[in-house]
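Colleague: I need the structure of the sequence given here:
(2 chains)
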Amino acid sequence: MGTINSAMALISGALDADQVALNVTSNNVANASNQSYTREVPNWSENQPIYINGMAQGTGVTVTGGVSQRDRVLNQRLDQQQQLSASSTSLLAALTTLQSSFTPASSSTSTGNIGNDITSFFDAYTQLESSPTSNPLRQSVLSSATALAGDISSTAASLNAQQSSLDQSATTVVAQVNALTASLAQVTQQIQSLSPNQDAGTLEDQRQSDLSQLSQLIGINQITTENNGLSVTTTGGQLLASEGASFPITSGSVNGVTHFFLGATDITSALASGGGQLGGLLTARDQSIPSTLASLDQLAYGISTQVNTVNNAGTDLDGDNGNAGNIFNAPTQVAGSAAAMAVVLTDPNKIAAAGLGQGTGDDSNALAAANLATQGIINGQTPSEFYSNLVSTLGAVVSETTTQNTALTASVTQLQTQVSSLSGVSLDDEASNLEEFQRSYQAASQTFTILNSIMASALNLGVETAVS
Amino acid sequence: MRVDPFYVVNLSSSLDQTQASEEQLTQELSSGLRVTSIGDDPVAAAQNVQLLNTIQQDDSFTQTTSLAQGMLQVTDSALGSVVTQLNQAISKADQANNGTLNSSDLKAISNELAGIRDEVLSLANTNYQGQYVFGGSQTGTAPFTLNNTTTPATVSYNGDSDVNTLVSPTGQSIQLNLPGNQVFTSSTANVLGTLNNLVADYASGTAGSGVADTAALTTALNFVSQQRVTIDNSITRLNDDSSAATEEATQLTAVQTNLMQADIPGVSTQLSLVQSQQSALINVIASLGQGSLFDKLED
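Modeller: This next block holds a predicted model:
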């Protein structure tokens, strides 16, 4: 049988529960703008009823704190997508810088464009055909050669500079990754000791925040272990953090390029394809730039060696027969030709316009040089075709990455929306909860007041004012 | 279902996107270019390289032809004068050959023919901008020298048989010169040799082998006229190729402009659309930002 006392105990328990609920709401409101915070809802549970004479008597309610509203599968999906998106974003940024070295010429007279330079150079030889001994026409061959060599070598220099700046960025990112894996290991250890069997609330928020930041930087796999533990590996499968332990990525220089290691294993190429900002940076550093540079090297090597060969196969204005000398700095190998491309000839008379053994008025060697423009001297393509292909290949990569990036950004936004709709704090929700808990608290305290006056009536046995 | 409480934040990222396209469109308008980076349109960028290459070649060829024209005109007019001189020589020789002239008249004709020979010789040594046009590849030295010590006098050729050509953008070779040994001292029609023979024939006061040599000179004259046709053909072909190149450059420039230039009315329309979208978004965000259930709570 229930007593007034038990009713009072029950209702004071309800007041406690309401206070806890109000506390949870306040905490939600306080963290409303915190991106890594996960919304909590009060966990109400009805107290065990007691049975007196076979009759169930309710014993009120308790709130056992707030429960974080999270879906770890969804979070993990978001992390994975974020890795892909971050990778394509940093790759796109690098490609955008890269393509600025190959801005399309707006007209045939634009300067500083390699495509125009190539044509100008061979055109200068065509003009020389009309008057092989003319000094102004010889000067123009030399000056267009200088413009061509200058533009190719400065483009190569800027690609090299971009490559080393990407190298530095990658090293910085790896330092951030190491800091995050250390923090992740620490928080996982805490979770394992404090909350091995259930969601760790705030600590789990911290762990998810670390994972999300890590996903911006590097491609990772998450593996849940016992007692709410977590292991993190690179997408290539190398362990970065296992429960309480973290394994920092070390870096070292290999052939002048920074490579990354876990233990003794070189994981650079696995990281490049792994995702995250680091993946994009390494893809640009190790693939996009080197392949563009290699094409530029082929172009420079082809033009330099072929033109030098032709110049040494004719007669110059000074009568040198077959030994007029090189026009371009002679490259010894294809790699590095672009950066080293330069004009070494200073005397325009040393341009061999005449055929071997012919008088200086002959133009057959100038004709041979001009004909290089229409011959497949670089990988079976004419210099101009080769440059045109270089431009379209690079352009296609940029365009493809842009499209991919847009799609990935959209899918991240979509997943972010899903996560937020589950875990984000809605102030409207909190306002209505606050109102509800306030009413509930007011009702409970009103009930308590009335019970109190009932208790007074019981003590005074109906006589007013003796005890109030 | 619960909605994303942060959807206003997503709206502001849409605002970023409209701002970015506004920037891109403004850039297109200010530069007048549709393709400002190769990633915008890789195919167009590659075509652009090829088009500019051809346009540049055409422009350059047009300049080259005007340089080559000068030399060809000089060659042509020299050959024209040679033809005139040879006609005169033939009429003098015909006078000498008709048998009515006395020996002093014949000597006078011999002198006149020597004058004509000197004139033809100096035409054969014509130069253009310091370069001898009939010297083959030996353009630095006078191609013909006269030796008066023998009878008949002899002419020696210091040049070679080299022929220069200019290749047009369409790949056609155009002959730019005639080697002197082909025009003036050919074995079948030796202009200068025949003239020397005639001078020698009449110098003695008799007709000698004047009739046969006059016939040979007529053959040589025809031969020079034929050679001149080669140069005239080159001039005509240069003119044709030059105007074809100019025409092609004009057409291709139009194509290139079409390919790379921004469609201004289109871009302007897009820009105004993006602007409306942006101001609509701003209004939406502003009004969504207002009002929360907290405003309505009373204590």
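Colleague: Any regions of chain A where pLDDT drops low?
Modeller: A:1-2, A:462-468 (pLDDT under 70).
Colleague: mind listing the strands in it by residue range?
Modeller: A:40-46, A:50-52, A:55-57, A:61-68, A:220-225, A:229-234, A:239-242, A:245-246, A:250-254, A:257-262, A:265-266, A:314-315, A:354-355 (DSSP state E).
Colleague: could you give the angle of the longest helix anywhere in chain A to strand A:220-225?
Modeller: Ordering each helix of chain A by length in residues (DSSP state H) puts helix A:135-194 first. Per axes from the mean of the first three to the mean of the last three C-alpha atoms, to 10 degrees, the angle that helix A:135-194 makes with strand A:220-225 is 10 degrees.
Colleague: show me where chain B has strands.
Modeller: With DSSP E as the criterion, chain B has strands spanning B:127-128, B:131-132, B:144-147, B:154-157, B:165-167, B:173-175.
Colleague: now these as a markdown table including mean pLDDT and mean neighbour count?
Modeller: Quick note: C-beta positions are derived from backbone N, CA and C, even for glycine. Output for the strands of chain B, formatted as a markdown table (pLDDT from 0 to 100; neighbours: other C-beta atoms under 10 Å in any protein chain shown):
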| stretch | mean pLDDT | mean neighbour count |
| --- | --- | --- |
| strand B:127-128 | 90 | 17 |
| strand B:131-132 | 90 | 21 |
| strand B:144-147 | 92 | 15 |
| strand B:154-157 | 91 | 17 |
| strand B:165-167 | 89 | 20 |
| strand B:173-175 | 91 | 17 |
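Colleague: related to what we said a few turns ago, of all the strands of chain A, which one comes closest to residue A:281?
Modeller: strand A:257-262 (10.6 Å; C-beta to C-beta).
Colleague: Now do the contacts for residue 99.
Modeller: Using chain A. Shown in contact with residue A:99 (C-beta atoms under 8 Å, 6 or more residues apart in numbering or on different chains): A:394, A:395, A:398, B:37, B:38, B:39.
Colleague: Not quite, go with chain B.
Modeller: Neighbouring residues of residue B:99 by C-beta under 8 Å, 6+ apart: residue B:207.
Colleague: and it, how far is that from chain A?
Modeller: The gap separating residue B:99 from chain A is 47 Å, by C-beta to the nearest C-beta, to the nearest Å.
Colleague: Need the phi and psi values for that residue.
Modeller: phi 80, psi 0 (degrees, to the nearest 10).
Colleague: Which pLDDT value does the model give it?
Modeller: Residue B:99 is assigned a predicted lDDT (pLDDT) of 80.
Colleague: Tell me where the stretch 351-468 of chain A has helices.
Modeller: Secondary structure of the stretch 351-468 of chain A (DSSP state H, counting those that start in this stretch): helices at A:364-371, A:383-423, A:427-460.
Colleague: which other residues reach stretch B:230-245?
Modeller: With contact meaning C-beta under 8 Å, 6+ apart, stretch B:230-245 is reached by B:57-59, B:61-62, B:65-66, B:68-69, B:72-73, B:75-76, B:79, B:166, B:168-170, B:172, B:174-176, B:178.
Colleague: Could you give the average pLDDT over that stretch?
Modeller: The average pLDDT for stretch B:230-245 rounds to 93.
Colleague: that older thread, tell me which of the contacts of residue A:99 is nearest to residue A:321?
Modeller: residue A:394 (43.0 Å).
Colleague: Tell me the pLDDT of residue B:292.
Modeller: pLDDT recorded at residue B:292 is 81.
Colleague: what does the one 5 residues further on give?
Modeller: The predicted local confidence for residue B:297 comes out at a pLDDT of 79.
Colleague: how many neighbours does it have?
Modeller: A total of 12 residues lie near residue B:297 under the criterion other C-beta atoms under 10 Å in any protein chain shown.
Colleague: Tell me which of the strands of chain A is the most buried.
Modeller: Most buried of the strands of chain A, by mean neighbour count (mean count of other C-beta atoms under 10 Å in any protein chain shown): strand A:314-315, with a mean of 26.
Colleague: contacting residues for the residue of the stretch 201-350 of chain A found nearest chain B?
Modeller: Sorted by distance to chain B under C-beta to the nearest C-beta, the residues of the stretch 201-350 of chain A start with residue A:315, at 8.8 Å. Residues near residue A:315 by C-beta under 8 Å, 6+ apart: A:321, A:322, A:324, A:352, A:354, A:355, A:356, A:357, A:358, A:360, A:362, A:365.
Colleague: and with 6 Å instead?
Modeller: Listed by C-beta atoms under 6 Å, 6 or more residues apart in numbering or on different chains, the contact set of residue A:315 reads A:321, A:352, A:354, A:358.
Colleague: And it, how close does it get to residue B:100?
Modeller: Using C-beta to C-beta, to the nearest Å, residue A:315 is found at 57 Å from residue B:100.
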